[in-house]
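Visitor: build me a structure from this.
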Amino acid sequence: MRKVIIIGATSGIGKALAELFIDRNYKVGLTGLERNGEEELQKKYPGRLELRYFDCTKDRNSEIIKELVESLGGLDVLIFSAGIGHLNHNPSFQEENQANKLNVLAFTEIANWTYRFFENEGKGHFVAISSIAGLRGYRVAPAYHAAKSYQIRYLEALKQKAHQSGKPIFITDIRPGFIDTGLSDTKRKFWIATKEKAARQIYSIIKRRKDTGYVTKRWQIVAIIMMLIPAWLLKRL
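Guide: Residues are numbered from 1 along each chain as shown. Next up, the predicted model:
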């Protein structure tokens with residue numbers, strides 16, 4: 001039985017992914033900040049789900065993940081699905097730095113540990129859910145956009161390392177558009193996807209071991225347009 005760990009899976013896309021992987025006969029390690037009914041899922045699939053609750057912005061991330069790998073009896077795929085951002089036209093440093101602690105520092109620690117683990121194992125698949133927001137900066141949530149850009153570039157570097165290693169190590173960058181996770185106001189947003197639909201498309205991207213995937217697929221059109229917008233125009237948006 002294949003094993004997957006999902007970091008940030010007690011809500012939103014992460015939780016929908018966890019349920020999907022369990023249904024696809026994976027043994028799943030699920031982590032999150034607080035309990036959100038996962039025990040019922042554990043009862044439904046005895047012996048198939050390991051739970052760990054901790055704050056990724058604190059210490060011991062690597063140690064906890066290592067313990068989870070031992071409990072699962074191995075690791076084939078690790079998915080970093082944790083993320084936070086504040087939609088605020090004038091965010092405080094505390095708000096901006098909270099996003100940095102999770103989207104940059106915690107992400108880097110977990111990505112680095114996971115790649116080294118797979119390198120030692122000789123195989124594996126690291127997946128991170130970044131965002132289409134990482135393609136350009138934006139005045140609303142500057143730290144979030146910058147941090148997601150950091151993730152995209154870090155994953156780009158890991159793809160190079162994996163290719164140069166000659167080992168079957170795969171790195172996948174998932175870039176969602178707007179997903180209705182219940183955590184933000186989606187009334188004025190377009191092309192909203194449910195977290196269940198997003199999870200299905202992410203699962204498909206992972207199974208195909210793609211380098212990069214947009215969720216939903218139509219957001220790739222937006223990504224191309226975003227990259228073509230000149231700097232002088234971006235300032236006026």
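
Visitor: from here on, just use CA atoms for contacts and neighbour counts.
Guide: Will do.

Visitor: residues near residue 199, how many?
Guide: A count of neighbours around residue 199, defined by other CA atoms under 10 Å, yields 24.

Visitor: pLDDT at it, what is it?
Guide: Listed pLDDT for residue 199 reads 95.

Visitor: what is whichever strand or helix holds it packed up against?
Guide: Using DSSP states H and E, residue 199 sits within helix 195-207. For helix 195-207, the packing partners by 3 or more CA pairs under 8 Å, 6 or more residues apart in numbering; DSSP states H and E come out as helix 12-23, strand 169-176, strand 179-180, strand 212-215.

Visitor: now it, how far from the centre of its chain.
Guide: Going by CA atoms, centre = their mean, to the nearest Å, the spacing between the C-alpha centre of helix 195-207 and its chain's C-alpha centre is 12 Å.

Visitor: next, the buried residues of that helix.
Guide: By neighbour count with 16 or more other CA atoms under 10 Å, helix 195-207 contains the buried residues 195-202, 205-206.

Visitor: mind listing what's buried in the worst-scoring helix or strand of the chain on mean pLDDT?
Guide: Ranked by mean pLDDT, DSSP states H and E, the helix or strand of the chain with the weakest confidence is helix 38-44, at a mean of 80. Neighbour-count burial for helix 38-44, with 16+ other CA under 10 Å as criterion, is recorded at 38, 42.

Visitor: export it as PDB, just CAs?
Guide: These are the backbone C-alpha positions of helix 38-44, laid out as PDB (Å, rounded to 0.1, in the frame of the first residue of the first chain):
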ATOM      1  CA  GLU A  38     -10.800  13.600  11.200                       C
ATOM      2  CA  GLU A  39     -11.400  11.100  13.900                       C
ATOM      3  CA  GLU A  40     -14.600  10.000  12.100                       C
ATOM      4  CA  LEU A  41     -12.600   9.400   9.000                       C
ATOM      5  CA  GLN A  42     -10.100   7.400  11.100                       C
ATOM      6  CA  LYS A  43     -12.900   5.200  12.400                       C
ATOM      7  CA  LYS A  44     -14.300   4.700   8.900                       C
END
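
Visitor: immediately after it, which helix or strand?
Guide: For helix 38-44, the succeeding helix or strand toward the C-terminus, using DSSP H and E, is strand 49-53.

Visitor: let me see the contact set for residue 50.
Guide: Listed by CA atoms under 8 Å, 6 or more residues apart in numbering, the contact partners of residue 50 are 28-30, 42, 68, 71-72.

Visitor: what stretches of the chain score poorly on pLDDT?
Guide: For the chain, applying pLDDT under 70 flags the ranges 85-90, 182-189.

Visitor: tell me where it has helices.
Guide: 12-23, 38-44, 61-72, 93-100, 107-121, 142-165, 195-207, 219-228, 231-234 (DSSP state H).
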